[in-house]
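what's the 3D shape of this:
(one chain, ligands or ions: 1)
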Amino acid sequence: MPEGSPALRGAIPRVFTLGIAIESKDSNLCSVAPSRLKRERVISATESLDVTVSNFRIALLPGDGIGPEVTSAARELLDAITAIDPSLHFQTEAFSWDAEQYLATGSMMPSDGLATLAQFDAIFLGAIGDERVPDHISLRQIIFAIRQGFNQYINLRPVKLLGGVSTPLAGRGPDDLDMVIVRENSEGEYSGLGGTLFPDSDDEVALQTSVFSRRGVERVLRYAFELARSKGRPLSSVSKGNALNFTGVFWDEVFSEISAEYPDVPSNNLLVDAAALHLVQHPEKFGVIVASNLFGDILSDLGAALVGGLGFAASANLNPERTFPSMFEPVHGSAPDIAGKNVANPVASLWAVGMMLAHLGRVDWEDAIVAAIESVLVDGIVRTPDLGGTSTTSEMTTAIVNALKAPSA
Ligand code: ATP
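The predicted structure follows:
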């Protein structure tokens, strides 16, 4: 079993504190490496509680557009969790690494930005994007820089239809739409390699180089197989081997090799165009989808559209070895059309907080957060405009926070 496989870290994670045992129900995915086990603070004898506190340091990157609004929602949720469970404490620090910073300094992030973020247990990012800064500059200088710099080679994107939300697929419901997309996150089509020749002339040429390394493809496929095995769900590998005669064929060959190591996991190999078709026609057949950076990106927006829109799409950029902090973010961009109006749907952001807690060893809290979101959606009283309602971001956040219940022991 290679380095980086979730199964390698296999022991069921348990954090024994004074009288408190925390156990992940999904041991393959949420184990907490001892080296990154959180700084724990024992409340002194002068304090009334004699429990151990897990203190997580979270870097907040609110970013642009609706980013600050949905980051505030995330912060409110973290405070609510601490109020319910004083053994969990979140020390947050916000950094204004956004378009304003770029316009003032020529850089989205200071030169020691990664070194600063490396001190944290996790990163939460709101949204990046501003019409005054070309997207390929803003995204590459901060989001891609963090993903690649911290070797966050797994991008997890749940595609799950919650109760109370309608899908555009006629006759389909929550039982039909419940999958996870595992997107390769550090190389592939988004490697950033390439160049231009003869700019501003009729002979202008642009080259964008895809990078598919054996290490990179093997590790994302193994991660996806482990995830599918832990969930008891089938795995679909998505590529385009009939047209991409080097990278696509290579991906398919490595998939064929790795799938032989997982005879117990039902798996198939789909062309990306066929995958798009099947996702609409037979979504119930998908459990885990694994794809390269570009294909995973596109399919996860399709997935978001099937489960209520971008307001529901959360994601985790994971460094599974925990050598570096992982980053959690809603999939949506800065949504300039609604920025500053307090109407953005906060669900993707709050769900991303849940994914962060799962990564920090508290998958029980992710379940509790998703349950609170779903209960508000099922009630149907508090809804942001994208859901046909008139509620504000703040009102929906407060409703979800009020619906939050401590995970059952
Ligand atoms: P960017 O340039 O930053 O990518 P964009 O407008 O191109 O911005 P998104 O920010 O992803 O892309 O927004 C696409 C559409 O989805 C917009 O109409 C936006 O208002 C809507 N949208 C995105 N996120 C949300 C949200 N959380 N709640 C409600 N609507 C949203």
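
elements contacting the one helix or strand residue 155 maps to?
Per DSSP states H and E: residue 155 is located in strand 154-160. Helices and strands touching strand 154-160, as assessed by 3 or more Cβ pairs under 8 Å, 6 or more residues apart in numbering; DSSP states H and E, comprise strand 178-184, helix 293-306, strand 314-318, helix 347-359. To be clear about C-beta, it is placed using only N, CA and C from the backbone, and glycine gets the same treatment.

kindly recompute the last result at 7 Å.
Contacts defined by 3 or more Cβ pairs under 7 Å, 6 or more residues apart in numbering; DSSP states H and E place strand 154-160 against strand 178-184, helix 293-306, strand 314-318.

beta partners of residue 317?
residue 155, residue 327 (DSSP bridges).

still on that earlier bit, and the strand holding residue 155, how far from the chain's centre?
The chain centroid and the centroid of strand 154-160 are separated by 6 Å under Cα atoms, centre = their mean, to the nearest Å.

which residues does the helix or strand harbouring residue 400 contact?
Remark: residue 400 resides in helix 393-403, with elements defined by DSSP H and E. Residues outside helix 393-403 that contact it (Cβ atoms under 7 Å, 6 or more residues apart in numbering): 69, 73, 76-77, 80, 342-346, 350, 372-373, 375-376, 382, 384.

restricted to helices, list these.
69, 73, 76-77, 80, 350, 372-373, 375-376 (DSSP state H).

between the helices and strands packed on strand 154-160, which gets nearest to residue 60?
Proximity to residue 60 (Cβ to Cβ) singles out strand 314-318 among the helices and strands packed on strand 154-160, at 15.1 Å.

does anything pack onto the closest one? Which helices or strands?
Where contact means 3+ Cβ pairs under 7 Å, 6+ apart, strand 314-318 is packed against strand 154-160, strand 326-330, helix 347-359.

ok, and what's touching it?
Applying Cβ under 7 Å, 6+ apart, the contact partners of strand 314-318 are 147, 152, 154-158, 185, 326-331, 348, 351-352, 355, 359.

mind doing that once more with 8 Å?
146-147, 150, 152-158, 185, 300, 326-331, 347-349, 351-352, 354-356, 359 (Cβ atoms under 8 Å, 6 or more residues apart in numbering).

one more: stretch 152-159?
Stretch 152-159 is contacted by residues 146-147, 177-187, 216, 219-220, 223, 293, 296, 300, 303-304, 306-307, 313-320, 324, 326-327, 331, 351, 355 when judged by Cβ under 8 Å, 6+ apart.

buried residues of it, list them for me.
Neighbour counts over stretch 152-159 (16 or more other Cβ atoms under 10 Å) mark 152-159 as buried.

hmm, back to that, of the helices and strands packed on strand 314-318, which stretch is the most buried?
When the helices and strands packed on strand 314-318 are scored by mean count of other Cβ atoms under 10 Å, the highest mean neighbour count falls to strand 326-330 (a mean of 28).

what is that one packed up against?
Judged by 3+ Cβ pairs under 8 Å, 6+ apart, the packing partners of strand 326-330 are strand 122-127, strand 314-318, helix 347-359.

could you dump the ones you listed to TSV with distance to residue 196 and mean pLDDT?
Formatted as TSV, those follow (distance: least, Cβ to Cβ, whole Å; pLDDT from 0 to 100):
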stretch	distance to residue 196	mean pLDDT
strand 122-127	29	98
strand 314-318	28	97
helix 347-359	35	97
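
same list (the helices and strands packed on strand 154-160) but as TSV, adding mean neighbour count.
Formatted as TSV, the helices and strands packed on strand 154-160 follow (neighbours: other Cβ atoms under 10 Å):
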stretch	mean neighbour count
strand 178-184	25
helix 293-306	21
strand 314-318	25
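
what's the burial count for residue 341?
As a burial measure, residue 341 scores 13 neighbours (other Cβ atoms under 10 Å).

pLDDT at the residue of the stretch 301-409 of the chain found nearest the ligand, what is it?
Going by Cβ to the nearest ligand atom, the ligand is nearest to residue 333 of the stretch 301-409 of the chain, at 2.3 Å. pLDDT for residue 333: 93.

tell me who's in contact with it.
Contacts for residue 333 (Cβ under 8 Å, 6+ apart) come out as 65, 127-129.

check residue 271 too.
238-242.

at 7 Å what do you get?
Taking Cβ under 7 Å, 6+ apart as the criterion, residue 271 is in contact with 240, 242.

cool, residue 247 as well?
By Cβ under 7 Å, 6+ apart, the contact list for residue 247 reads 210, 212.

who in the stretch 51-200 of the chain is up against the ligand?
Applying Cβ under 6 Å from any ligand atom, one finds that the stretch 51-200 of the chain approaches the ligand through 65, 129, 135.

give the buried residues for stretch 192-201.
So, applying 16+ other Cβ under 10 Å, stretch 192-201 has no buried residues.

pLDDT on the helix or strand containing residue 278, on average?
For residue 278, the host element (DSSP H and E) is helix 272-281. In this model, helix 272-281 has a mean pLDDT of 97.

how far away is residue 286 from residue 233?
8 Å (Cβ to Cβ, to the nearest Å).

of the two, which one has the most company?
A direct count of neighbours by other Cβ under 10 Å for residue 286 and residue 233 places residue 286 higher, at 24 against 17.

could you check the pLDDT of the more buried one?
For residue 286, pLDDT reads 97.

can you pull the contacts of it?
179, 236, 279.

out of those, who's nearest the ligand?
residue 279 (19.3 Å).

so the closest one sits against residue 302, correct?
Yes. Judged on Cβ atoms under 7 Å, residue 279 makes contact with residue 302 at a distance of 5.9 Å.

which residues do those two both contact?
Taking Cβ under 7 Å, 6+ apart as the contact criterion, no residue touches both residue 279 and residue 302.
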